[in-house]
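Peer 1: Would you be able to build a 3D model of this:
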Amino acid sequence: MPALQFQLLSTDINSKARAGKITTDHGEILTPIFMPVGTAGSVKAVTQQQLKEINAQIILGNTYHLYLRPGLDVLEQAGGLHKFNGWDKPILTDSGGYQVFSLAGTRKISEEGVMFQSHIDGSKHLFTPEKVMDIQRSIGADIIMAFDECPPYPSEYAYAEKSMHLTHRWLDRCFEQFNATSNKYGYAQNLFPIVQGSTFADLRKQSCEFASSKNATGNAIGGLSVGEPDDMLYEMCELCCDNLPKEKPRYLMGVGTPWNILECIALGIDMFDCVMPTRNGRNAMLFTSKGVINIDNKKWEKDFSPIDDGIDSVISNYYSKSYLRHLMKSKEILGLTIASVHNLAFYLHLVAEARKHILQGDFLSWKNEQVDILKTRL
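Peer 2: Numbers count the residues shown, from 1 in each chain. Sure, this is the predicted structure:
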């Protein structure tokens with residue numbers, strides 16, 4: 001059964017931006033790509049049909065949440081997450097490491113793994129690297145992530161180093177278990193290592209070298225976008241891109257704003273995910289081709305122009321700012337859907353445009369112009 005394939009089609013001559021193609025058993029992904037986050041098997045307030053209409057090519061599921069609810073029995077009987085939620089394109093699952101990191105008050109980290117309490121009923125659970133591999137096999141994602149420890153920002157050097165070595169030992173165990181088990185539902189599953197090391201260049205470089213030694217089908221960069229300033233994010237991102245294999249896709253976890261994404265594409269990142277488009281959308285913040293809008297503001301009350309006529313999206317072109325503001329003010333559920341779908345459509349439009357400009361050879365000048373526009377508060 002063929003594993004994930006990555007074809008590097010073009011590299012921008014003035015930056016490190018790349019255009020490529022990932023092939024999985026559930027279809028192709030044109031990179032750079034943004035992956036909508038479907039934590040509990042659904043992207044909040046957005047249907048799978050809507051995701052296809054805005055050209056989503058791959059979505060995320062969350063190991064921690066899906067393990068707790070609906071649980072592995074339900075997912076296995078359904079035939080995996082693809083069959084359960086009706087999404088027939090690629091799926092990536094994160095390992096639950098970040099959720100466990102965010103449960104700081106109710107978790108205990110040891111060499112064996114992480115003991116944590118369920119946010120649903122308070123029951124205790126142990127995630128080990130081996131168990132997390134088995135859980136992700138059962139969920140059935142095309143790309144599964146290694147179990148890692150995500151250190152907070154800021155971290156002391158000693159803590160970041162200790163944490164990185166723990167992540168590396170866990171990575172060895174992840175690969176042992178992954179290689180000792182088989183694909184569950186008749187298609188190839190792929191394990192990506194996660195690079196850690198906080199904001200320390202020497203640790204990041206070490207971690208990149210360790211991850212690269214696994215010769216996986218792709219590599220991820222974790223532990224960024226956890227509170228560090230943007231310039232530090234870019235510095236670590238560039239260092240990692242320079243030290244990870246060029247012939248494998250690079251996935252930057254949990255990033256970020258539209259301008260973060262463009263800057264990191266310029267540094268050599270291929271894959272992104274973030275809850276920001278949907279979460280901010282539900283809180284009245286819209287990202288548009290002309291800048292950032294707070295749709296709650298009174299200035300939009302009688303603005304009957306489309307939400308965003310600068311992108312090719314049925315929802316963004318169809319509904320007016322005035323109407324969306326009215327829905328949000330009235331706490332109508334439809335408002336959450338329109339805002340979420342629009343923001344995702346914008347993110348997917350942005351990475352598709354980035355890809356187009358990389359292939360055309362004028363990415364850097366386009367990116368520099370876009371970053372200024374995208375940061376504008378309207």
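
Peer 1: residue ranges of the strands in the stretch 101-250 of the chain, please?
Peer 2: 107-109, 114-117, 124-127, 143-145, 190-192, 194-195, 219-221, 250-252 (DSSP state E, counting those that start in this stretch).

Peer 1: Quickly compare the ones you listed and say which is most buried.
Peer 2: strand 194-195 (a mean of 31; mean count of other Cβ atoms under 10 Å). From N, CA and C alone the C-beta is placed, and that goes for glycine too.

Peer 1: quick one: that strand to chain centroid distance?
Peer 2: 14 Å (Cα atoms, centre = their mean, to the nearest Å).

Peer 1: Can you tell me what sits against it?
Peer 2: Surrounding strand 194-195, the residues in contact under the criterion Cβ atoms under 8 Å, 6 or more residues apart in numbering are 95, 97, 145-146, 148, 167, 171, 204, 207-208, 211, 219-223, 240, 244, 253.

Peer 1: Only the buried residues of the worst-scoring helix or strand of the chain on mean pLDDT, if you could.
Peer 2: Within the chain, no helix or strand scores below helix 97-102, which has a mean of 75 by mean pLDDT, DSSP states H and E. Going by neighbour count (16 or more other Cβ atoms under 10 Å), the buried part of helix 97-102 is 97-101.

Peer 1: Which neighbouring elements make contact with that helix?
Peer 2: Other elements packing on helix 97-102 under the criterion 3 or more Cβ pairs under 8 Å, 6 or more residues apart in numbering; DSSP states H and E are helix 63-68.

Peer 1: Go through the helix it packs on and flag the buried ones.
Peer 2: Per 16+ other Cβ under 10 Å, helix 63-68 contains these buried residues: 63-68.

Peer 1: Rebuild the buried residues of helix 97-102 as CSV, extending it with distance to residue 309.
Peer 2: CSV is the format used below for the buried residues of helix 97-102 (distance: Cβ to Cβ, whole Å):
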residue, distance to residue 309
97, 41
98, 36
99, 38
100, 43
101, 40
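
Peer 1: Residue 119: which of the residues you listed is nearest?
Peer 2: residue 99 (8.8 Å; Cβ to Cβ).

Peer 1: If we ignore the residues flanking it in sequence, what's nearest the closest one?
Peer 2: Leaving aside its sequence neighbours, residue 99 sits nearest to residue 64 (Cβ to Cβ, 6 or more residues apart in numbering; 3.9 Å).

Peer 1: any idea how far residue 137 is from that neighbour?
Peer 2: Residue 64 sits at a distance of 16 Å from residue 137 (criterion: Cβ to Cβ, to the nearest Å).

Peer 1: again with residue 155
Peer 2: 31 Å.

Peer 1: what's the answer for residue 293, then?
Peer 2: Applying Cβ to Cβ, the value for residue 293 to residue 137 is 42 Å.

Peer 1: same thing with residue 189?
Peer 2: In terms of Cβ to Cβ, residue 189 sits 7 Å off from residue 137.

Peer 1: next one: residue 247
Peer 2: 26 Å.

Peer 1: For residue 269, give me the backbone phi and psi.
Peer 2: phi -80, psi 140 (degrees, to the nearest 10).

Peer 1: pLDDT wise, what is the spatially closest residue to it that is not a sequence neighbour at?
Peer 2: Nearest non-adjacent residue to residue 269, counting by Cβ to Cβ, 6+ apart: residue 252, 4.6 Å away. Looking at residue 252, its pLDDT stands at 98.
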